[in-house]
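1. A structural model of the following input is requested.
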Amino acid sequence: MASQGKRANNNEGGMLARVSNAVSESPIIYQSRRAASEARLVTKKLLKSTGKAAWIAGTTFLILVVPLIIEMDREQQLNDLELQQASLLGTPPVSSQK
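-> Residues are numbered from 1 along each chain as shown. Sure, this is the predicted structure:
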């Protein structure tokens with residue numbers, strides 16, 4: 001009786017192992033794993049290239065646009081100062097007329 005119980009467990013374990021192996025070796029599972037692996041690689045490459053593009057855009061912005069913004073701010077401050085001095089001295093502000 002005890003040997004029959006062991007034999008049943010071995011049979012069930014063997015059957016479960018065979019089904020599990022059959023499922024894990026299925027062409028659908030293989031193709032799914034392959035597709036997931038390829039998707040992971042593409043995502044990794046995309047993130048890497050996106051990071052490079054972000055770096056290029058960021059450094060270009062810092063080199064070209066930030067000095068322009070600073071210069072425009074200085075020009076605006078100079079114009080405000082000239083307007084303030086002109087109003088204190090009583091001269092009318094100069095407007096360009098064409």
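
2. low-confidence ranges in this protein?
-> 1-13, 22-24, 92-98 (pLDDT under 70).

3. Do a quick rundown of the strands in it.
-> Secondary structure of the chain by DSSP state E: no strands are present.

4. dump the residue contacts of the spatially most central residue of the chain.
-> Centrality entry for the chain: nearest residue to the mean C-alpha point is Leu47, 6.1 Å, by CA atoms, centre = their mean. Listed by CB atoms under 8 Å, 6 or more residues apart in numbering, the contact set of Leu47 is empty. Just so you know, the C-beta spots here come from the backbone N, C-alpha and C atoms, and that holds for glycine as well.

5. what's the spacing between the longest helix along the chain and its chain's center?
-> For the chain, the longest helix by residue count, based on DSSP state H, is helix 27-60. Computed by CA atoms, centre = their mean, to the nearest Å, the chain-centroid distance of helix 27-60 equals 11 Å.

6. Stretch 49-68 too?
-> That offset, for stretch 49-68, works out to 15 Å (CA atoms, centre = their mean).

7. Show me what counts as buried in that stretch.
-> The neighbour-count check on stretch 49-68 (16 or more other CB atoms under 10 Å) flags nothing as buried.

8. what's the span of it from first residue to last?
-> Stretch 49-68 has an end-to-end distance of 28 Å (CA to CA, to the nearest Å).

9. just stretch 15-33 next, same as before
-> 24 Å.

10. which residues touch that stretch?
-> Taking CB under 8 Å, 6+ apart as the rule, stretch 15-33 contacts no other residue.

11. Perfect, that will be all.
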